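Enquirer: Show me the folded form of this:
(2 chains)
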Amino acid sequence: MMENVVIRTVSRLAVPFIQIFALYVIVHGASGAGGGFQGGVVFAASFILMIIAFGTANVRRRIDNRGIMWLSVIGITIYAGIGFLALLMAGNFLEYAAIEAVLGIPHLHGILIDLVEAGIGIAVMAAMVSIIYDISGNGEESS
Amino acid sequence: MTIINHIPVFLVAIPILASLLILATGWYDRRFCYPIALITILSQFLASLAILLRVLDGGTIRYHLGSWAPPLGIELVIDSFNGFILVAILLLAAATIVYARRSVEKEIAPDKIVSFYVLFQLLVTGLVGMTITGDVFNLYVFLEISSIAAYTLIASSRKPHSYLASFNYLILGSIAAGFILLGIGNLYVVTGTLNMAELATLLPASYHLATVHSAFLFLMIGFSIKVAFFPLHLWLPDAYAESPSAVTVLISTVMAKVSVYALFRLLFTVFTTAYIIDSFPVTGFILLMATVAIVAGAVLAIAQEDLKRMLAYSSVSQIGYIMFALGVANEIALEGGLLHILGHAVMKGCLFMVAGLIIYRMGTSRLSDMKGLSKTMPISCAAFALAGASMIGIPPTIGFMSKYYLVLGAFEAGLWPYAAVLLVGSLLAAIYIWRFIEIAYFGDPHGGHDEDHHTHTAEREGPLSMLAPMVCLAILCLLFGIFVEVLMGAVGPAALLLLGGA
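Expert: Now for the predicted structure:
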């Protein structure tokens, strides 16, 4: 159908921009308004747009439930891993300054915040997409 | 800096990772889920014991996340009050996870078992977080984590009605969470901080403001829904009766107690006694409602035909006892209330475990189907009798000790008629506990397959992993009552702390 072509073309164009914007929001979290939660939701929005335009089955073929599960695990592991890294460096949980002091790299804490935000972003994105999968699917490939 | 200084953050961060590990390994083999959950919760319990000993020894532990000092940063605080609660809830969680394995195999569809353990772990984590946080907004976040896990767990039963029960709880729980968030928002507007200790020092200047009053009422009503304080208990019977047995045990003991803890924490350490007694006197009203709850809950329990539902209404009544301590608000009554938080968790956990085992064995929880049950399930019935005696308050059980302190506290405050209501509540408890005892021990088992029952008693009682935690809790009811002095070593400082001393 005609409008289908329009929707597909426009979303094909829009998705990269949405994702770039999502990455911008995530990276901006270290120094201003933004961060992993917001960026992750925006990133998930690009997937939702793809689901609307191309159908769930199509998107699921690219990233299935197992992939989503791994993304959420990896995301939170990045977050907690950096938290525990600070413990190893004799700081408190998530004390970036401790890692910076031990490794001796200036401005490392900014990078660490970005990493933590990226972890949160990945986990939030995965959770949002899995919610969409669950409510848009007709029961197949559940759990 | 030794590792022990970081226990507070381990208590929350490790279990979250563990729940993800359960999820990840569960995709490959379902059998990995249970051991991971078991090991995590057991080590959480041991860590909580270590930390309670440290607190009793060296005073309050404060952990600043990321070394951001409060009021800017979020801190985890463990003092004698929540240290005690922490040990109590993790003890019960550990007993429940041991119990859960076989019960879950029977009551939950195989493809949901992975998500069951993930949510179970998240629920425990959320509740631990609620207990040790020193920040009101953090409290709300953990409350939501635990609530969402609980809604899903309640719906995980095979019974179709469990969806309705879960939905009911979802609606009421969300209203409660909304109220709590509004209350927190109001507090933030007035003081500009979310840290509990900071709030306690800044609030007295604004005690006259309507914003503070409304914040107090929002928080009070929100948590009253969460703890199922009498007129707001409507979600509770369905949620307890319809969820899988292991979930019932967990939410009726651990979750209910943490909500009570949060209410105590906010009322006594954020608002302090100066507010709830002098500036905005509510204790009289709470006392009145508590007595209504004690009697109404017990009367409703007597009217039930279903064992789990009966125990659920009994919880409504027992929550009344704990709120009674809040209403009296003197040291002895609070000691009684805190003892009852632990005591009720232990005995109600045991009773629900018995109910779960009966469902496991017989597939029913209707009281009328349990005639002569003591012949086939002697250990369970004995455990029920022991925990039931504690529920009634027969010495030397823990139930007696906590009610004794409550009555003493009421006497000290000169509230003679209210003390009488406590005793009436015990009598009513005797009636509903006795109903089960009478049916189980003196009822005639229907039909003529008596012989059949006698021959297979040993293997018919149930799996050891379900019997052992049940018997342990039943014996704990007794031991806690006899060695109450040991508990008072933790409860005494906690009660003083609540009243602003120590």
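
Enquirer: The helix or strand of chain A with the lowest mean pLDDT near chain B anywhere?
Expert: Sorting the helices and strands of chain A by mean pLDDT, DSSP states H and E puts helix A:96-103 at the bottom, at a mean of 78. Yes. Residues of helix A:96-103 contacting chain B under Cβ under 8 Å from any Cβ of the partner chain: A:96, A:97, A:98. The C-beta positions use only the backbone N, C-alpha and C, and glycine is treated the same way.

Enquirer: Now the second one. Nearest residue, chain neighbours left out?
Expert: Just to be clear, that refers to residue A:97. residue A:109 (6.0 Å; Cβ to Cβ, 6 or more residues apart in numbering or on different chains).

Enquirer: and the gap between the one you found and chain B?
Expert: 10 Å (Cβ to the nearest Cβ, to the nearest Å).

Enquirer: Low-confidence bits of the chain, can you list those?
Expert: Answering for chain A, as no chain was given. A:1-3, A:137-143 (pLDDT under 70).

Enquirer: could you do chain B instead?
Expert: Checking chain B against pLDDT under 70 turns up B:1-2, B:445-460, B:501-502.

Enquirer: residues from it in reach of chain A?
Expert: Checking chain B against chain A by Cβ under 8 Å from any Cβ, the hits are B:1, B:6, B:9, B:13, B:16-17, B:20-21, B:23-24, B:27, B:63-67, B:111-112, B:114-115.

Enquirer: before we move on, back to that, counting neighbours, which of the residues of helix A:96-103 next to chain B comes out on top?
Expert: residue A:96 (23 neighbours; other Cβ atoms under 10 Å in any protein chain shown).

Enquirer: so how far is residue B:266 from the residue nearest to that one when sequence neighbours are not counted?
Expert: Setting aside the residues directly before and after it, residue A:96 is nearest to residue A:109 in space (Cβ to Cβ, 6+ apart), at 3.7 Å. Residue A:109 sits 34 Å away from residue B:266, going by Cβ to Cβ, to the nearest Å.

Enquirer: Could you pull out the buried residues of stretch B:52-61?
Expert: For stretch B:52-61, the neighbour count (16 or more other Cβ atoms under 10 Å in any protein chain shown) marks B:52, B:54, B:55, B:56, B:60, B:61 as buried.

Enquirer: Looking at those residues, which one is closest to residue B:370?
Expert: residue B:52 (38.9 Å; Cβ to Cβ).

Enquirer: Excluding sequence neighbours, find me the nearest residue to that closest one.
Expert: Residue B:52 sits nearest to residue B:83 (Cβ to Cβ, 6+ apart), 4.2 Å away.

Enquirer: Report all helices and strands that the helix or strand where residue B:51 lies contacts.
Expert: Using DSSP states H and E, residue B:51 maps to helix B:33-58. Applying 3 or more Cβ pairs under 8 Å, 6 or more residues apart in numbering or on different chains; DSSP states H and E, one finds that helix B:33-58 contacts helix B:7-28, strand B:61-64, helix B:80-107, helix B:113-132, helix B:484-498.

Enquirer: want to throw those into TSV with distance to residue B:226?
Expert: Shown next, in TSV, are the helices and strands packed on helix B:33-58 (distance: least, Cβ to Cβ, whole Å):
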stretch	distance to residue B:226
helix B:7-28	20
strand B:61-64	25
helix B:80-107	15
helix B:113-132	10
helix B:484-498	19
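
Enquirer: residues contacting the residue nearest the centre of chain A?
Expert: Using Cα atoms, centre = their mean, the residue of chain A that lies closest to the mean C-alpha position is residue A:122, 2.5 Å off. Going by Cβ atoms under 8 Å, 6 or more residues apart in numbering or on different chains, residue A:122 touches A:40, A:71, A:72, A:74, A:75, A:78.

Enquirer: how close does it sit to chain B?
Expert: Distance from residue A:122 to chain B, by Cβ to the nearest Cβ: 13 Å.

Enquirer: Check the gap between that residue and residue B:26 for me.
Expert: 20 Å.

Enquirer: Ok, residue B:153 next?
Expert: For residue B:153 relative to residue B:26 (Cβ to Cβ), the value is 16 Å.

Enquirer: who has more neighbours, those two?
Expert: Taking other Cβ under 10 Å, residue B:153 and residue B:26 do not tie; residue B:153 has more neighbours (27 against 22).

Enquirer: residues of the helix or strand harbouring the more buried one that come out buried?
Expert: Per DSSP H and E: residue B:153 is located in helix B:136-155. By 16+ other Cβ under 10 Å, the buried positions in helix B:136-155 come out as B:136-140, B:142-155.

Enquirer: Residue B:391: what's it in contact with?
Expert: Contacts of residue B:391 (Cβ under 8 Å, 6+ apart): B:314, B:318, B:347, B:348, B:351, B:399, B:429, B:433.

Enquirer: Tell me which helix or strand it sits in.
Expert: Using DSSP H and E, residue B:391 maps to helix B:378-392.

Enquirer: Can I get that helix as CSV, trimmed to CA atoms?
Expert: Presented in CSV, the C-alpha positions along helix B:378-392 are these (Å, rounded to 0.1, in the frame of the first residue of the first chain):
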residue,chain,number,x,y,z
PRO,B,378,1.4,-35.4,62.0
ILE,B,379,4.5,-33.2,61.7
SER,B,380,2.7,-30.4,59.9
CYS,B,381,-0.2,-30.5,62.3
ALA,B,382,2.1,-30.3,65.2
ALA,B,383,4.0,-27.4,63.7
PHE,B,384,0.7,-25.7,63.1
ALA,B,385,-0.3,-26.3,66.7
LEU,B,386,2.9,-24.8,68.0
ALA,B,387,2.9,-21.8,65.8
GLY,B,388,-0.9,-21.4,66.4
ALA,B,389,-0.2,-21.4,70.2
SER,B,390,2.2,-18.6,69.5
MET,B,391,-0.4,-16.8,67.5
ILE,B,392,-2.9,-17.1,70.4
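
Enquirer: Tell me how far whichever helix or strand comes after it lies from the chain's centre.
Expert: The first helix or strand that comes after helix B:378-392 along the chain, using DSSP H and E, is helix B:398-412. Relative to its chain's centre, helix B:398-412 lies at 20 Å (Cα atoms, centre = their mean, to the nearest Å).

Enquirer: Just the CA atoms of helix B:398-412, as PDB, please.
Expert: Extracted in PDB, the C-alpha atoms of helix B:398-412 (Å, rounded to 0.1, in the frame of the first residue of the first chain):
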ATOM      1  CA  ILE B 398       7.200 -15.500  71.300                       C
ATOM      2  CA  GLY B 399       3.600 -14.600  70.700                       C
ATOM      3  CA  PHE B 400       3.100 -14.500  74.400                       C
ATOM      4  CA  MET B 401       6.100 -12.400  75.100                       C
ATOM      5  CA  SER B 402       5.300  -9.700  72.500                       C
ATOM      6  CA  LYS B 403       1.700  -9.500  73.700                       C
ATOM      7  CA  TYR B 404       2.800  -9.400  77.200                       C
ATOM      8  CA  TYR B 405       5.000  -6.400  76.500                       C
ATOM      9  CA  LEU B 406       2.200  -4.700  74.600                       C
ATOM     10  CA  VAL B 407      -0.200  -5.200  77.500                       C
ATOM     11  CA  LEU B 408       2.400  -3.900  79.900                       C
ATOM     12  CA  GLY B 409       2.900  -0.900  77.700                       C
ATOM     13  CA  ALA B 410      -0.800  -0.200  77.500                       C
ATOM     14  CA  PHE B 411      -1.000  -0.400  81.300                       C
ATOM     15  CA  GLU B 412       1.900   1.900  81.700                       C
END
